[in-house]
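Novice: Provide a 3D model corresponding to the input given below.
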Amino acid sequence: MAVQPAAHDQWQRDRLAALTAEDGWLNLTDRVEIAPGPQRIGTAPDNDVILSAGPAHLGILTATPRTAALTRDGVTQDFVVDGTNPMLRVAGLLLELHTVADQPAIRVRDLALPRRVTLSYYPYDPAWVILARWEALAAPQSQKIEQKGAAPTELPLTHRAHFQHAGQEVTLLATHWKGDRPMLVFRDATAGAETYAASRYLIGEPAGDRITLDFNRAYNPPCAFTDFAICPLPPPQNRLPFAIRAGERKLDR
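Specialist: Numbering: from 1, shown residues only. Coordinates of the predicted model:
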């Protein structure tokens with residue numbers, strides 16, 4: 001069995017730290033779409049937006065696709081971008097503005113909830129560190145991407161990765177980007193039995209016309225941990241007929 005590199009040990013620790021952070025995926029209690037104009041928000045039934053955690057009457061929320069503010073006890077606080085989306089910490093909650101197709105929604109995290117998870121991985125396998133050909137498309141191509149938890153979306157695709165496995169050509173589309181790195185959403189023959197049924201994600205490391213695909217770092221999407229996430233599903237080209245026994249396995253429930 002190959003010795004797991006120290007860098008991979010650190011990647012696994014970073015992965016666990018991100019999941020168990022206050023803004024991770026383990027303490028979400030709600031995701032609620034917000035109508036235009038001021039909305040009363042809280043757990044009481046007389047609110048416009050009813051939550052499952054927090055005070056009976058949290059305040060008055062006003063949200064647009066890009067900004068949000070909460071007025072509470074006569075004081076208005078703006079959501080502040082801290083990472084990807086605007087957030088506000090208030091009354092033991094972490095509120096996050098999450099917009100899909102120009103429809104604003106509020107994600108709610110209860111900071112008092114325990115944030116523990118046990119992740120399971122296949123043994124590290126250097127054979128699944130693949131140097132693939134990285135090809136820019138002549139022009140962006142529109143692709144319909146199905147999503148778990150939301151309607152399909154159309155995305156402009158610009159790159160694809162090519163490699164060989166067991167004598168057959170494999171092409172994976174990069175459907176999303178995390179900063180300046182492409183994210184490939186894929187499913188393989190382990191899905192359902194050994195890995196999360198819907199998909200796994202992989203962040204590629206491009207360098208010129210080559211890209212490193214380290215499937216030992218394939219990981220479960222947020223939807224594996226919460227019902228309040230929206231997760232892209234793999235396009236047909238990224239649904240692989242063979243097993244990739246590397247990376248993160250499905251959760252033990």
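Novice: so which residues of this structure form helices?
Specialist: With helices called from DSSP state H, the chain shows them at 6-20.
Novice: tell me the strands beside the strand ranked longest in it, with direction?
Specialist: Of all the elements of type strand in the chain, the one with the most residues (DSSP state E) is strand 129-148. Here strand 129-148 has these sheet partners by DSSP bridges: strand 150-165 (antiparallel), strand 210-214 (antiparallel), strand 231-232 (antiparallel).
Novice: can you redo these as TSV with distance to residue 175?
Specialist: (Each C-beta comes from the backbone N, C-alpha and C, glycine too.) Putting the strands paired with strand 129-148 into TSV (distance: least, C-beta to C-beta, whole Å) gives the following:
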stretch	distance to residue 175
strand 150-165	6
strand 210-214	14
strand 231-232	6
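Novice: quick one, which of these gets closest to residue 73.
Specialist: Smallest distance to residue 73 across the strands paired with strand 129-148 (C-beta to C-beta): 34.1 Å, for strand 150-165.
Novice: residues contacting that closest one, please?
Specialist: Surrounding strand 150-165, the residues in contact under the criterion C-beta atoms under 8 Å, 6 or more residues apart in numbering are 100-101, 130-137, 140-147, 169-176, 182, 184, 204, 206, 211, 213, 230, 232, 237, 242.
Novice: before we move on, what about stretch 83-103?
Specialist: The list of residues contacting stretch 83-103 from outside it, by C-beta under 8 Å, 6+ apart, reads 22-23, 27, 31, 33, 53-55, 58-59, 63, 65-68, 70, 72, 77-81, 104-112, 150-151, 153, 230.
Novice: can you verify my assumption that residue 38 contacts residue 63?
Specialist: No: assessed by C-beta atoms under 8 Å, residue 38 is found out of contact with residue 63, at 9.5 Å.
Novice: higher neighbour count, the two?
Specialist: It is residue 63, of residue 38 and residue 63, that has more neighbours when counted by other C-beta atoms under 10 Å, with 26 against 14.
Novice: distance to residue 95 and mean pLDDT added to the strands paired with strand 129-148, as TSV?
Specialist: Shown next, in TSV, are these (distance: least, C-beta to C-beta, whole Å; pLDDT from 0 to 100):
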stretch	distance to residue 95	mean pLDDT
strand 150-165	20	94
strand 210-214	35	97
strand 231-232	21	95
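Novice: need those in TSV (columns: mean neighbour count).
Specialist: Listed next are these as TSV, based on neighbours: other C-beta atoms under 10 Å:
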stretch	mean neighbour count
strand 150-165	15
strand 210-214	20
strand 231-232	21
